[in-house]
Structure formats: C-alpha cells, structure tokens
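>>> Generate a structure from the sequence data that follows.
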Amino acid sequence: MGSTFHGIIAFALMAALLVAGSLLRSRLAWLRASLVPGSIVAGVLGFLLLSCGLIPGYGPGDFTALAFHFFTLSFMSLCLTGSPKSAAREGRQSVVGGGLWLTLIWTASLGGQAVLGFALMAGYDGISGANLDPLLGAIVTHGFTQGPGQALTYGTLWETRYGIADAAQVGVIFASLGFIAAFAVGVPVARHFLKRGLNSNRESTLDDDFIAGFHAPERQPASGRQVTHPGNVDSLAWHLGLLGVAYVITYAWLSFMQPLVAGNQVLSVFFSFNLFFIHGLTICVLMRLLIDRCGWSSKVDDDTLKRITSGSVDFMVVATLMSVQVAVLTALLVPILIVAAGVTLVTLLGAVAIGRLSGRLGPERTVTAFGCCCGSTGTGLLLLRMLDADFSTSVPKELAFFNIAIIVVNIPTLFFFAPIAPSLGTWTYLAIFGGYAVAALSCIPLLRGWQRRLEARVPADQEPTPT
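Numbers count the residues shown, from 1 in each chain. Predicted coordinates:
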C-alpha cells in the first residue's frame with residue numbers, strides 16, 4: 001500500500017501548509033496588517049520549501065494536477081449553487097450584464113497586454129542593444145491574463161515550432177510574477193474599498209475577526225444546513241456526490257466528443273481536457289436548472305456548496321504556487337521586470353476605470369477583474385472573497401458567466417492567432433491583438449446604455465440591498 005500514498009501525501013502537505021499559513025497570518029502582525037490570505041502564505045511557504053529541497057520526494061509537478069482539479073471544482077460547485085438573493089432580485093439580465101463588464105475588461109486586457117509587452121520588449125532592445133524577440137514580451141498576456149498553463153502551452157509551441165528561444169520559460173516566469181502582482185497590488189486595492197465601506201456585502205468588513213483571520217468564539221457563524229439524515233448519508237458527502245456526478249458526466253462527454261473532432265484543430269482544443277472546467281460548469285448549470293425545475297432544491301444546501309467553492313479556492317491557490325517553478329534567466333531579468341511592472345500598472349488603471357463605470361458592484365468587479373487579468377480566474381475569485389465573504393452578491397455568478405463568454409468572444413485570438421503568432425509578422429500581430437482591445441473598449445457606451453435601461457426598470461423599493 002505504500003505506493004498509494006504519494007498523491008495523498010501531496011494533498012495532505014497542502015492541507016498542513018494551509019494550517020501553518022493561517023496560523024502565521026493570525027500571529028504575525030505584519031501579515032495581519034497586509035490582509036494577505038492564509039492560502040497565499042501557505043503557497044509561498046510551500047514554494048520555498050520545494051525550492052530548497054526540504055520536501056524530499058516531491059517537486060512542483062506533483063501539485064500541477066491538484067491545482068487544475070481544485071480550480072475546476074471551485075467553479076463547478078459555484079455553478080451548482082442556487083442564485084443568490086441579490087442576483088434573484090436584480091434578475092438574470094443583471095448577472096449577464098455584470099458578466100459582460102468582466103468579459104470586456106478581460107478581452108481588452110488580453111489584447112492590450114500583448115501589445116504593451118511587445119512594445120516594451122522592443123523598446124528595451126532598442127535602448128540596450130539586446131537582440132531579444134519582442135514576442136518574449138508579448139507572451140506576458142498569456143502568463144498574466146491566462147495563467148501558467150496557457151503561458152507554458154503557447155510558449156512551448158512558439159519555442160518548438162518557430163524557434164523563439166526560452167519562450168516557455170519566460171511565459172512561466174511572467175505567470176509567476178502575475179500571481180505576485182495580483183496579490184501585492186490587488187489586496188491593498190481591496191483593503192482600500194473595505195476601509196471606505198464601498199463594497200455591497202456588509203458582512204465583509206475590516207473588523208477584528210477579519211484582521212485576526214479567525215472568528216471569536218462568540219461570533220462564529222453557522223455554516224450550512226444538514227439536508228440528509230446521518231443515518232442515510234452525511235450531508236457533506238451528499239453534496240460532494242452531486243459534484244462527483246457532474247465530474248463523471250463531463251468526463252464522459254469529453255471522452256465521447258474527442259474522437260469526433262480529432263481532425264479539427266480548433267474543436268480538438270475546445271474539447272480537450274485542458275478546458276474541462278468550461279464543460280464542467282456548463283454541466284453544473286444544467287444540473288441546477290433540472291434540480292430547480294423538478295422541485296428538488298430542498299435537497300441541496302447552497303451554503304454547503306459555497307463552503308466547497310471557497311475551500312477549493314484555498315487549495316487551488318496553494319497548489320498553483322507550489323506547482324510553478326521559476327527558472328530565473330539572469331540575462332532576461334531586467335526586461336522581464338520592466339514588462340511585468342508596466343503591464344501591472346496599466347491593467348490596474350484599466351480595471352479601476354472600467355470597474356467604476358460598471359455600476360453598483362464596481363468595487364467587486366474591479367478587484368475580480370484585476371485578479372483575473374494578473375493571475376487566473378481563481379485569483380480573481382479569491383480577491384472577490386475579501387469584499388464578498390459569503391459570495392452573496394451577483395458577482396460570483398457573473399464570474400461563472402464570464403468564463404464561458406471570454407472563450408466565445410476570444411475564439412479567434414486564443415485558438416487561431418495566438419498559436420501561430422510568430423508567423424504573423426509584427427504589424428499583423430499588433431493589429432489583431434490591438435484591434436481586439438480597441439473593439440472591446442468601444443463597447444463601453446453600448447454596455448453603459450443597456451445598464452441604464454436595466455436600472456430604470458427596477459423600482460426603488462425593489463432595489464437590492466446589501467446583505
């Protein structure tokens with residue numbers, strides 16, 4: 001049985017690090033003041049231990065699959081959760097509208113980061129006399145806006161097929177710096193909104209419990225309802241079982257489709273297991289519709305599903321930070337830092353400016369979009385949790401819609417042009433990605449007009465109140 005422990009111990013290490021990270025966050029004054037989540041502390045601690053070889057028999061690769069599946073689980077459980085009360089009052093159009101705002105920011109970021117990274121790397125070449133391919137700067141958009149997996153995928157493709165030296169390694173470095181930027185900048189921004197009470201969820205405040213990281217005994221909230229009798233099955237096991245059903249259906253669906261689309265490059269990518277979460281959250285949305293339509297909602301506790309979502313995000317963050325191996329290229333360190341700093345600043349300014357235009361939930365959308373555009377969707381969800389601790393606003397649902405919308409909207413750039421970017425030529429590449437960013441930004445007046453018409457149809461006495 002000894003051979004069966006490797007994966008289990010990898011998970012146990014993550015859980016132990018979460019305990020250590022949470023305790024450090026509550027005991028060290030400078031960590032409490034920074035409001036950095038315990039999962040980030042745990043992930044950084046695990047990364048340092050792995051880098052120093054202090055966890056014998058384990059390396060970053062042992063945590064890659066765990067990061068992928070916890071990321072997938074977090075969104076599948078979110079989509080299996082019923083609509084929050086605020087979202088129900090605002091209506092489905094509000095969730096779609098908010099999701100479109102997030103999609104607009106992400107799409108503009110994908111194109112804008114590519115152009116800015118390309119320009120900064122080309123500028124560094126001109127000033128320093130280095131002969132670096134500007135696409136090494138452009139790949140920042142895949143590391144920041146998409147994450148480690150996509151940066152590694154496109155970087156490896158550019159490196160092996162088109163000879164862009166070190167593209168994969170640089171992409172992973174940018175992805176790592178993106179996570180750092182998401183929390184080094186995103187947490188203070190979220191804290192700014194919290195201190196000024198600009199968030200809608202009044203349960204998320206800078207109170208003593210928030211700062212300490214643990215609830216005082218007299219203020220410990222209840223979490224979930226028992227919907228099953230323990231003589232039959234434990235309620236938590238029941239909810240995990242529902243997610244298991246969705247996982248199996250999604251796996252069977254992809255396994256069925258892959259042979260049918262094997263000859264089509266675009267469809268084979270879309271139906272690959274790398275995009276399991278897209279299909280999984282769709283399955284969960286359909287399952288929830290069936291549950292509600294059949295009157296079975298009393299057999300599902302939304303608070304329990306929220307705890308599964310929130311816990312999965314914590315494990316995903318730890319696993320992601322432990323799975324990223326940063327190989328520092330000394331010769332490229334300066335241009336990489338220049339590109340990363342420039343992209344972080346512009347992304348922040350864009351998220352704040354557009355988030356402010358998006359309406360009542362602007363602060364929540366700002367931090368969520370910034371997290372998504374610097375780390376991953378899970379990073380955005382973690383930053384959102386600071387402003388919306390129990391996911392009671394409509395933004396989590398907007399984020400689920402957004403994950404489908406960005407794939408549909410960006411099919412040309414993600415599936416057609418990004419894989420062959422080195423063959424496009426400088427001006428063609430800049431025109432495509434820059435044009436996408438401009439097109440996204442040009443939709444702001446249209447989205448604002450739709451939002452005003454939607455808000456005008458909501459009577460004052462039905463206006464959603466903070467929860």
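
>>> Can you show me the helices along the stretch 1-150 of the chain?
Listed in chain order, the helices found in the stretch 1-150 of the chain under DSSP state H, counting those that start in this stretch are 5-27, 29-34, 38-51, 61-80, 85-90, 92-128, 135-138, 140-141, 148-162.

>>> Would you mind finding the most buried of those helices?
Each of those was scored by mean neighbour count; the highest is helix 140-141, a mean of 30, by mean count of other C-beta atoms under 10 Å. Placement of C-beta: from N, CA and C, glycine included.

>>> returning to what we had before: which one of the helices of the stretch 1-150 of the chain lies closest to F174?
Distance to F174, taken as C-beta to C-beta, is lowest for helix 140-141 among the helices of the stretch 1-150 of the chain, at 4.7 Å.

>>> packing partners for that closest one?
helix 92-128, helix 333-357 (3 or more C-beta pairs under 8 Å, 6 or more residues apart in numbering; DSSP states H and E).

>>> Now do the first one and helix 333-357, the angle between them.
It stands for helix 92-128. For helix 92-128 against helix 333-357, the angle by axes from the mean of the first three to the mean of the last three C-alpha atoms, to 10 degrees is 150 degrees.

>>> Relative to A418, how far out is A138?
According to C-beta to C-beta, to the nearest Å, A138 stands 10 Å off from A418.

>>> again but with V343, I slipped
Distance of V343 to A418, computed by C-beta to C-beta: 17 Å.

>>> which one of those two has more residues nearby?
Ranked by neighbour count (other C-beta atoms under 10 Å), V343 and A418 place V343 first, with 29 against 26.

>>> picking up where we left off before, so which of the helices and strands packed on helix 140-141 comes closest to F276?
Among the helices and strands packed on helix 140-141, helix 92-128 comes nearest to F276, with 19.9 Å by C-beta to C-beta.

>>> Show me how far the closest one is from its chain's centre.
15 Å (C-alpha atoms, centre = their mean, to the nearest Å).

>>> Show the average pLDDT along it.
In this model, helix 92-128 carries a mean pLDDT of 90.

>>> What residues does L157 make contact with?
Shown in contact with L157 (C-beta atoms under 8 Å, 6 or more residues apart in numbering): P419.

>>> pLDDT score for it?
79.

>>> what do you get for P459?
What the model reports for P459 is a pLDDT of 47.

>>> shaky segments in the stretch 1-150 of the chain?
Applying pLDDT under 70 to the stretch 1-150 of the chain flags the ranges 83-94, 148-149.

>>> so which of the helices and strands packed on helix 140-141 comes closest to D166?
Nearest to D166, of all the helices and strands packed on helix 140-141, is helix 333-357, at 10.5 Å by C-beta to C-beta.

>>> avg pLDDT for that closest one?
Rounded mean pLDDT across helix 333-357 is 94.

>>> now it, how far from the chain's geometric center?
17 Å.

>>> Who are the packing partners of the very next helix or strand once past that helix?
With elements assigned by DSSP states H and E, the helix or strand that comes after helix 333-357 is helix 362-374. Under the contact criterion of 3+ C-beta pairs under 8 Å, 6+ apart, helix 362-374 touches helix 92-128, helix 167-195, helix 333-357, helix 377-387, helix 395-409.

>>> how about these in CSV, adding distance to V300?
Shown next, in CSV, are the helices and strands packed on helix 362-374 (distance: least, C-beta to C-beta, whole Å):
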stretch, distance to V300
helix 92-128, 19
helix 167-195, 30
helix 333-357, 32
helix 377-387, 21
helix 395-409, 16
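
>>> now what about the host helix or strand of G435, what contacts it?
Using DSSP H and E, G435 sits within helix 426-442. Helix 426-442 is contacted by residues 104, 107-112, 114-115, 118, 134-135, 138, 141, 410, 412-413, 417, 421, 424 when judged by C-beta under 8 Å, 6+ apart.

>>> next one: stretch 181-194
34-37, 40, 144, 199, 204-206, 340, 344, 348, 352, 363, 366-367, 370-371, 374-375, 379, 383, 386-387.

>>> What residues sit buried inside that stretch?
Buried residues in stretch 181-194, counted by 16 or more other C-beta atoms under 10 Å: 181-183, 185-187, 189-191, 193-194.

>>> which among those residues gets closest to M76?
Distance to M76, by C-beta to C-beta, is smallest for A182 among those, at 22.5 Å.

>>> how near is that closest one to E398?
With C-beta to C-beta as the criterion, A182 and E398 are 19 Å apart.

>>> If we ignore the residues flanking it in sequence, what's nearest L381?
With sequence-adjacent residues excluded and distances taken as C-beta to C-beta, 6 or more residues apart in numbering, L381 is closest to V313, at 5.4 Å.

>>> follow-up on the earlier one: could I get the buried residues of stretch 181-194 in a markdown table, plus columns for distance to V245 and pLDDT?
Output for the buried residues of stretch 181-194, formatted as a markdown table (distance: C-beta to C-beta, whole Å; pLDDT from 0 to 100):
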| residue | distance to V245 | pLDDT |
| --- | --- | --- |
| A181 | 38 | 90 |
| A182 | 33 | 88 |
| F183 | 34 | 83 |
| V185 | 39 | 93 |
| G186 | 34 | 91 |
| V187 | 36 | 87 |
| V189 | 38 | 92 |
| A190 | 35 | 89 |
| R191 | 39 | 85 |
| F193 | 38 | 88 |
| L194 | 38 | 84 |
